[in-house]
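Chemist: Sequence plus predicted model, see below.
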Amino acid sequence: MTPLDFTTLRCFVAVCDSGSIVQAAQRLHTVPSALSKRLAQLSEDMGTPLLQRHRHGMKPTPAGETLLEHARGLLQNAERLTRDMAAYAQGVRGLVRVLASASAMAESLADDVAWFLQHPAHADIELDLEERVSADVIRGLLEGTASLGICWDAVDTRHLITHPYRCDHLAVVVPPHHPLAFDAHPADLWFADALAYDQVSMPAHTAVQVMLHREAARLGQSLRTRITVANFEAALRVVRAGLAIALVPQEVANQYPQHELVVRPLQDAWAKRQFIIVHPPYISAPAQLLVAHLTQIGH
């Protein structure tokens with residue numbers, strides 16, 4: 001089998017994305033005949049058809065779908081490698097890529113990282129922060145796309161190394177006129193108390209939303225979702241507008257003016273969450289420095 005080259009993989013991905021050899025050739029600044037020849041050779045090297053023609057253009061075969069998945073990963077890793085080496089060429093002595101959950105990003109991680117980077121000894125370290133759901137944080141680490149991950153400790157960390165980071169506490173956030181905001185309501189607020197009201201929710205795959213659906217089902221109830229938004233900031237805007245209540249980390253809600261929102265922590269034991277730092281067994285010296293910093297301030 002002829003060794004794969006990145007140019008051929010880029011051609012294959014471009015045809016799969018556009019569904020057209022002509023359009024892919026235009027995007028890659030080549031001619032369709034050259035692209036067709038390269039793809040035909042790729043199918044011959046693989047020993048199986050990779051593309052098939054349909055009424056609306058070219059689509060990958062089942063074998064092509066598998067190759068497409070691998071090709072995207074290889075090309076992404078190649079681009080990251082190029083960027084990392086360019087960083088070193090420009091004088092950056094350490095590049096640490098971090099994947100973090102939405103809660104960690106919205107709470108204290110940005111401030112903690114900024115504190116780390118302000119230290120004179122870390123002047124030559126560059127950080128790349130990317131938001132992912134907790135399961136994708138672990139997947140990214142296992143696939144080698146990042147050095148460190150910050151996520152909820154409820155995920156399966158496989159054979160990765162873990163360290164405790166910070167904790168947060170889920171709370172019910174309501175507008176000042178809402179019944180749950182009044183002192184007449186019991187001082188200890190439980191998740192069951194919030195289930196009677198319309199809620200603004202995060203996407204279903206996020207850690208917070210998965211946990212809320214699970215706990216509601218355990219109580220034999222379901223969430224009354226009125227609107228779904230992409231992040232905590234949008235959720236709190238909906239609450240300020242009086243459209244629904246939100247269940248978000250208290251640490252996020254407290255960043256907003258208290259006269260606009262009433263924040264009441266949940267008393268349920270599961271509402272307190274532990275976040276962890278996750279990484280493979282072997283990481284770079286700059287990544288080790290960041291782990292030590294985050295572990296220390298997280299206690």
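Modeler: Looks like it arrived, so ask away.

Chemist: For the rest of this, base every contact and every neighbour count on C-alpha atoms.
Modeler: Fine.

Chemist: hey, where'd the strands end up in the stretch 151-299 of the chain?
Modeler: Ranges of strands within the stretch 151-299 of the chain are 161-174, 199-201, 225-228, 245-249, 262-265, 272-279, based on DSSP state E, counting those that start in this stretch.

Chemist: The first one: which residues count as buried?
Modeler: Judged by neighbour count using 16 or more other Cα atoms under 10 Å, the buried positions of strand 161-174 are 162-174.

Chemist: will you turn these into a markdown table that also has pLDDT and distance to residue 22?
Modeler: Formatted as a markdown table, the buried residues of strand 161-174 follow (pLDDT from 0 to 100; distance: Cα to Cα, whole Å):
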| residue | pLDDT | distance to residue 22 |
| --- | --- | --- |
| 162 | 95 | 49 |
| 163 | 95 | 51 |
| 164 | 94 | 53 |
| 165 | 95 | 51 |
| 166 | 93 | 52 |
| 167 | 92 | 53 |
| 168 | 92 | 53 |
| 169 | 94 | 54 |
| 170 | 94 | 53 |
| 171 | 94 | 54 |
| 172 | 95 | 54 |
| 173 | 94 | 53 |
| 174 | 94 | 55 |
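
Chemist: Among these, give me the pair with the biggest separation.
Modeler: 162 and 174 (35.1 Å; Cα to Cα).

Chemist: Centre-most residue in the chain?
Modeler: Closest to where the C-alpha atoms of the chain average out (Cα atoms, centre = their mean) is residue 132, at 0.5 Å.

Chemist: My understanding was that it contacts residue 98; is that so?
Modeler: No - using Cα atoms under 8 Å, residue 132 is not in contact with residue 98, being 9.9 Å away.

Chemist: Please report phi then psi for residue 60.
Modeler: Backbone torsions for residue 60, taken as degrees, to the nearest 10, come to phi -70, psi 150.

Chemist: In contact with it, which residues?
Modeler: Applying Cα atoms under 8 Å, 6 or more residues apart in numbering to residue 60 gives the contacts 16, 50, 51, 52.

Chemist: what's the spacing between it and residue 9?
Modeler: Distance of residue 60 to residue 9, given as Cα to Cα, to the nearest Å: 13 Å.

Chemist: just residue 25 next, same as before
Modeler: With Cα to Cα as the criterion, residue 25 and residue 9 are 13 Å apart.

Chemist: Also residue 113?
Modeler: 36 Å.

Chemist: neighbour-wise, which of the two wins?
Modeler: Between residue 113 and residue 9, counting by other Cα atoms under 10 Å, residue 9 is the more crowded of the two (21 against 15).

Chemist: where's the more buried one relative to residue 109, distance?
Modeler: Per Cα to Cα, residue 9 is found 37 Å from residue 109.

Chemist: Also residue 6?
Modeler: In terms of Cα to Cα, residue 6 sits 36 Å off from residue 109.

Chemist: Which one's more surrounded, these two?
Modeler: Neighbours per residue (other Cα under 10 Å) separate residue 6 from residue 109, with residue 109 holding more: 20 against 12.

Chemist: okay if I get the strands of the stretch 151-299 of the chain as JSON lines plus distance to residue 40?
Modeler: Converted to JSON lines, the strands of the stretch 151-299 of the chain look like this (distance: least, Cα to Cα, whole Å):
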{"stretch": "strand 161-174", "distance to residue 40": "44"}
{"stretch": "strand 199-201", "distance to residue 40": "48"}
{"stretch": "strand 225-228", "distance to residue 40": "46"}
{"stretch": "strand 245-249", "distance to residue 40": "53"}
{"stretch": "strand 262-265", "distance to residue 40": "61"}
{"stretch": "strand 272-279", "distance to residue 40": "41"}
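
Chemist: and residue 33, which of those strands is closest to it?
Modeler: Closest to residue 33 of the strands of the stretch 151-299 of the chain is strand 272-279 (Cα to Cα; 46.0 Å).

Chemist: Residues in contact with the closest one: which ones?
Modeler: Taking Cα under 8 Å, 6+ apart as the rule, strand 272-279 contacts 104, 138, 141, 147-153, 157, 160-170, 291, 295.

Chemist: chain center to it: distance?
Modeler: 14 Å (Cα atoms, centre = their mean, to the nearest Å).

Chemist: what angle separates it from strand 161-174?
Modeler: 150 degrees (axes from the mean of the first three to the mean of the last three Cα atoms, to 10 degrees).

Chemist: partners of strand 272-279, with directions?
Modeler: Here strand 272-279 is paired, per DSSP bridges, with strand 148-152 (antiparallel), strand 161-174 (antiparallel).

Chemist: Need the residues that contact the helix or strand encompassing residue 114.
Modeler: Assigned by DSSP states H and E, residue 114 belongs to helix 109-118. Residues outside helix 109-118 that contact it (Cα under 8 Å, 6+ apart): 122, 123, 125, 290, 293, 294, 297.
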